[in-house]
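[1] Here is a sequence with its predicted model. Questions after.
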There are 2 protein chains.
Amino acid sequence: MMNRSTMKPTAGELEILRVLWDRGPSTVREVHEELSRSKDVGYTTVLKLLQIMAAKGMVTRNENQRAHVYEARRPADETKRELADDVLQRVFGGSASQLMLHALEGRPTSRQEIEELRRMLDDYERGLR
Amino acid sequence: MMNRSTMKPTAGELEILRVLWDRGPSTVREVHEELSRSKDVGYTTVLKLLQIMAAKGMVTRNENQRAHVYEARRPADETKRELADDVLQRVFGGSASQLMLHALEGRPTSRQEIEELRRMLDDYERGLR
DNA sequence: TTGACATTACGAATTCCTTCGTATATTGTG
DNA sequence: CACAATATACGAAGGAATTCGTAATGTCAA
């Protein structure tokens, strides 16, 4: 099996990870309720996915309670960074400005948001010194 | 079948699209040669993928020559924009600055590259007026 | 023309992802 | 206790993606 610390989540797994990132450690029921707000999905489907993710080492499982509690094993930032880098390399050949340009074009972007991006660049550059 | 004009290419299809974007209309042999530089892949594997992509309407096929000539049907920018937007929404909930932050952190970033990002933002904002 | 070579067509194996049904186990309550 | 409600376990179906082998077909040169 692939190195577990650099495993790329599938689309379905990512949806679940985002719930866990938002809510913190959660039961199947809680994850299912959250996902149900935005899509039609069966309880056992969520359960199965969480079991698979646990088998992959992508989440940990605490079995102290009857309703097991799942938690993302890796920090959200780490996974997000990898996913961003993945699309950066695979689609844009590593060009960050190309990625940003197309991301901005993909949807309405306010001037305010651009301001925030500038601030972010300033902060980031400050970190480089 | 999904609407053909917003079909998301798979990982393998994307590799081929990038070759077609770079080279323009190409034969299977040409695509295969290009891909072979970076990975071990069989000729008929590339052929099959191109046939599938043609069936999906993702590429067009010109059969005038014995060696058919394939060409990406949609402009590269359009597809890239969708892929960027896809990761923007699915991973970062639409926050462009979060995407950028994680993309930059994902790998070494030069000050030069940050400069380019600033120019890109300037240009983009100019387009908003 | 015929044989070597290049090319396409196509089926099929394999793996992964997604989804869910059913069986089983546990818990709390009347 | 026994029943209803709530969990987990697990198999399996269906579909998509990937990969390649083999057969069929076309082309060119000796």
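    Perfect, thanks for sending it. Numbering: from 1, shown residues only, chains lettered A, B, ... in the order given.

[2] is the helix-or-strand element of chain A with minimal mean pLDDT anywhere near chain B?
    None of the helices or strands of chain A scores lower by mean pLDDT, DSSP states H and E than helix A:111-128, at a mean of 94. Yes. Counting by Cβ under 8 Å from any Cβ of the partner chain, chain B has neighbours in helix A:111-128: A:Arg111, A:Glu113, A:Ile114, A:Glu116, A:Leu117, A:Arg118, A:Met120, A:Leu121, A:Tyr124, A:Glu125, A:Leu128. C-beta here means a position set from N, CA and C on the backbone, and glycine is covered the same way.

[3] That helix: how far from the chain's middle?
    Offset of helix A:111-128 from its chain centre (Cα atoms, centre = their mean, to the nearest Å): 22 Å.

[4] Same check on stretch A:28-36?
    On Cα atoms, centre = their mean, the centre of stretch A:28-36 falls 16 Å from the chain's centre.

[5] which stretches of chain A form strands?
    Assigned by DSSP state E, the strands in chain A fall at A:26-27, A:59-62, A:69-72.

[6] Show me what the last one is packed up against.
    When you say that, I think you mean strand A:69-72. Judged by 3 or more Cβ pairs under 8 Å, 6 or more residues apart in numbering or on different chains; DSSP states H and E, the packing partners of strand A:69-72 are helix A:11-23, strand A:26-27, helix A:43-56, strand A:59-62.

[7] Now A:Asp85: closest residue in space that isn't a chain neighbour?
    B:Gly106 (3.2 Å; Cβ to Cβ, 6 or more residues apart in numbering or on different chains).
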